[in-house]
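J.: Kindly generate the corresponding structure for this input.
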Amino acid sequence: MDLTGYLTSDEAAERLGINRQSLYNTANKSPDFPKPKKVGRTSMWPEKELDEWRARHPKRQTKEK
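T.: This is a model prediction of the structure:
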């Protein structure tokens, strides 16, 4: 099975700038979030689709104090 262009959950979370639990929460709550490919029990996330999703949903800006 060719998994070129797919990221592990840890890699996907890091790429989006969130933690792994937030990755799973977003996947469950956001209907337009990319779906992972299951390889055994491991979720593999499509890198290109994650980048496209992030472009449509920019990261929230935090206020500096």
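J.: In this protein, which residue is most central in space?
T.: Nearest residue to the geometric centre of the chain (CA atoms, centre = their mean): residue 12, 4.6 Å.
J.: isn't that residue right next to residue 24, touching?
T.: No. Counting by CB atoms under 8 Å, residue 12 sits too far from residue 24 to count as a contact (10.1 Å). To be clear about C-beta, it is placed using only N, CA and C from the backbone, and glycine gets the same treatment.
J.: tally of neighbours for residue 4?
T.: Using other CB atoms under 10 Å, residue 4 has 5 neighbouring residues.
J.: Please report how far it lies from residue 22.
T.: Separation of residue 4 from residue 22 (CB to CB, to the nearest Å) stands at 26 Å.
J.: ditto for residue 2
T.: 28 Å.
J.: neighbour count winner among the two?
T.: More crowded of residue 2 and residue 22, by other CB under 10 Å: residue 22, with 12 against 5.
J.: Run through the residues that contact residue 16.
T.: Residue 16 sits next to 23, 50, 54, 59 when contact means CB atoms under 8 Å, 6 or more residues apart in numbering.
J.: Adding distance to residue 44 and pLDDT, write those out as CSV.
T.: As requested, these are arranged in CSV below (distance: CB to CB, whole Å; pLDDT from 0 to 100):
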residue, distance to residue 44, pLDDT
23, 12, 96
50, 11, 96
54, 17, 93
59, 23, 76
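J.: ok, of those, which come out buried?
T.: In these, burial by neighbour count holds for 23, 50, counting by 16 or more other CB atoms under 10 Å.
J.: so which of the contacts of residue 16 comes closest to residue 38?
T.: residue 23 (14.8 Å; CB to CB).
J.: Can you pull the phi and psi angles for the closest one?
T.: Residue 23 adopts backbone torsions of phi -60, psi -50, taken as degrees, to the nearest 10.
J.: separation between it and residue 2?
T.: 23 Å.
J.: can you give me the helices for the chain?
T.: Per DSSP state H, the chain carries helices over the ranges 9-16, 20-29, 47-56.
J.: Of those helices, which is nearest residue 39?
T.: Nearest of these (CB to CB): helix 9-16, 11.5 Å.
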